[in-house]
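A.B. asks: I need the structure of the sequence given here:
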Amino acid sequence: MISGGIEGDAAVERLRPPAVLLLVIGVADVVTTVFAISFTVFRPQLVTRLLEKLEVPAEDVATTLTRLQEPAFRLFVLVIGAILVGMYLAAIVGALKMYRGESYRWSVAASALALLPPGSCACLRFLIGIWALVLLTSPAIRAGFRRN
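C.D. replies: Down below sits the predicted model:
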């Protein structure tokens, strides 16, 4: 926890807005990634129906369906999806620790993960990550974290 007193409380309050935003975006990233994986891997017909509604040429839809049914492609999607979900979950843990003022390292890690491009709201997440890193480099906030 951030040490008590007026300075520690002010530090917690300054970190809460970016922490909450990183939490919300992290949860949104997990949900959208799991949703995309489940439809790509387990329901490829729904993806092709969506492409047809978007008036994608029939030969492109057929190619896409063929690709989605290949086991190697499904495995690739699952592996990349698992890596992304792991990254988002680590960012959520770091954002929670930032919100509570528990761990400087996790807070910095969550902010740094926000700078990586994959996921929903990438531009917004990038700006929030920079905001959080700027706050975390403040000597008052850094000093407020207890050394573990």
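
A.B. asks: just give the nearest non-adjacent residue to Trp131, would you?
C.D. replies: Pro18 (5.0 Å; CB to CB, 6 or more residues apart in numbering). Every residue, glycine included, has its C-beta placed from N, CA and C.

A.B. asks: kindly list the main-chain dihedrals of the one you found?
C.D. replies: Recorded main-chain torsions at Pro18 are phi -70, psi -30, according to degrees, to the nearest 10.

A.B. asks: looking at it now. What's its pLDDT?
C.D. replies: Here the pLDDT value assigned to Pro18 is 96.

A.B. asks: how close does it sit to Gly119?
C.D. replies: Distance of Pro18 to Gly119, computed by CB to CB, to the nearest Å: 16 Å.

A.B. asks: between these two, which one's more packed in?
C.D. replies: Pro18 (26 against 20; other CB atoms under 10 Å).

A.B. asks: buried ones in the helix or strand containing Pro17?
C.D. replies: Assigned by DSSP states H and E, Pro17 belongs to helix 5-37. The neighbour-count check on helix 5-37 (16 or more other CB atoms under 10 Å) flags 8, 11-12, 14-15, 18-19, 21-26, 29-30, 33, 37 as buried.

A.B. asks: distance from the chain centre to that helix, please.
C.D. replies: Helix 5-37 sits 10 Å away from the centroid of its parent chain (CA atoms, centre = their mean, to the nearest Å).

A.B. asks: what packs against it?
C.D. replies: With contacts defined as 3 or more CB pairs under 8 Å, 6 or more residues apart in numbering; DSSP states H and E, helix 5-37 has these neighbours: helix 71-100, helix 104-113, helix 122-136, helix 139-144.
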